[in-house]
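1. have a look at this prediction, sequence included:
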Amino acid sequence: MLTLADLIDAIPQALDSVHLHGWGDRIAGKVRDIYRLDGQRVLITTDRVSAFDRVLGLIPFKGQVLNQLSAWWFEQTRDIVANHVIAVPDPNVTIGHEAVSLPVEVVVRGYITGVTTTSLWYLYSHGDRKPYGISLPDGLRKNDPLPEPIITPTTKAAEGHHDERITRTDIIERGIVPLSLWEQIENAALGLFARGQQVAKQAGLILVDTKYEFGLVNNELVLIDEIHTPDSSRYWTADSYGPNREPSNYDKEYLREWYAAQGYRGDGNPPAMTHDFIARVASRYIGAYERLTGTEFAPAEQPAAVRIEKNLAKYKKL
């Protein structure tokens, strides 16, 4: 098991980006680099992590955790919805079908929480009893479980812009997604969330809310991107949740909370993270992986760029 000292030692080797020599059409996102190849996508997770819109930090082994945890979840949920994965040949790499991404991010929420101006709790606490077009009862307190999980969709905003809050009615009336397809998405998202909550409970965690992205491959609905990772989902430790207590985050929110505690809210220059704090963030990512999968995390020995370059021929044959 990796100690905090191990994680501090690994910080200088954190993976910021992967450049594959001779490969074009590279897209660099917040948490991965993407290369296109003959109708397939090579998705390479890095150790970049975003807190707020423009703050990126490097968390050692985060890329491996996200890639391996997503791969594990895809296997656990194949009976609910198909996914885009062709193969996971490397701890940091997923080969996926070139899906047509749908223009809606599907956020499923089981609790009323959050601190940003678009969060469910912020809207509710400021008098909105129908956030995202969904009726909620009076009397809910921050961090309360919702009567049942709800879907709060958003558009996928262009870089530098906030996602647009939309309702189910907006999606249908504006023709963003056809009704029959949206119904498939709703059923899949709620089924995935129920499975996620069940597994999290067995692991001593609470799956609070999560984001799903869907696409089409040959007109078939598939799950793309990540699933139920500390970057795409909010987890609380079960033993920290209770009346009049602020639950302990086991996900990227832990990083946001630290910035907020330093007085930073996303504008201007962020404070530098200490090595001790970076190691504690990494330990939560790894801890979520180990709790959920029941498997001890073992990082790959070679740097990702070296492994990936050595295996380019193998990827091209997939």
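-> That came through fine. Given the structure is predicted, the values throughout are model-derived calculations rather than measurements.

2. below-threshold pLDDT in the protein: ranges please.
-> 22-24, 157-162, 302-306, 309, 312-318 (pLDDT under 70).

3. in which helix or strand does Ile150 reside?
-> Element membership for Ile150, per DSSP states H and E: strand 145-155.

4. and that strand, what's buried?
-> 146, 149-155 (16 or more other C-beta atoms under 10 Å). Using the backbone N, CA and C atoms, a C-beta is placed for each residue, glycine as well.

5. would you tell me which helix is longest in the chain?
-> helix 179-202 (DSSP state H).

6. can you give me the angle that one makes with strand 145-155?
-> Calculated by axes from the mean of the first three to the mean of the last three C-alpha atoms, to 10 degrees, helix 179-202 forms an angle of 130 degrees with strand 145-155.

7. which single one of the buried residues of strand 145-155 is nearest to Asp47?
-> Thr154 (26.1 Å; C-beta to C-beta).

8. just the helices in the stretch 151-300 of the chain please.
-> 168-173, 179-202, 253-261, 275-293 (DSSP state H, counting those that start in this stretch).

9. turn those into a markdown table, columns for mean neighbour count.
-> Shown next, in a markdown table, are the helices of the stretch 151-300 of the chain (neighbours: other C-beta atoms under 10 Å):
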| stretch | mean neighbour count |
| --- | --- |
| helix 168-173 | 15 |
| helix 179-202 | 17 |
| helix 253-261 | 18 |
| helix 275-293 | 20 |
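
10. Val18 is nearest to which of the ones you listed?
-> helix 275-293 (18.8 Å).

11. quick revisit: packing partners of the strand holding Ile150?
-> Applying 3 or more C-beta pairs under 8 Å, 6 or more residues apart in numbering; DSSP states H and E, one finds that strand 145-155 makes contact with strand 100-111, helix 168-173, helix 179-202.

12. ok, and what's touching that strand?
-> By C-beta atoms under 8 Å, 6 or more residues apart in numbering, the residues outside strand 145-155 that reach it are 103-112, 120, 131-132, 134, 136-137, 140, 163-168, 171, 176, 186, 189-190, 193-194.

13. filter these to the buried ones?
-> 104-112, 120, 131-132, 136, 140, 165-168, 171, 189-190, 193.

14. buried residues in the helix or strand where Asn67 lies, which are they?
-> Asn67 is part of helix 62-76, with elements assigned from DSSP H and E. By 16+ other C-beta under 10 Å, the buried positions in helix 62-76 come out as 62-74, 76.
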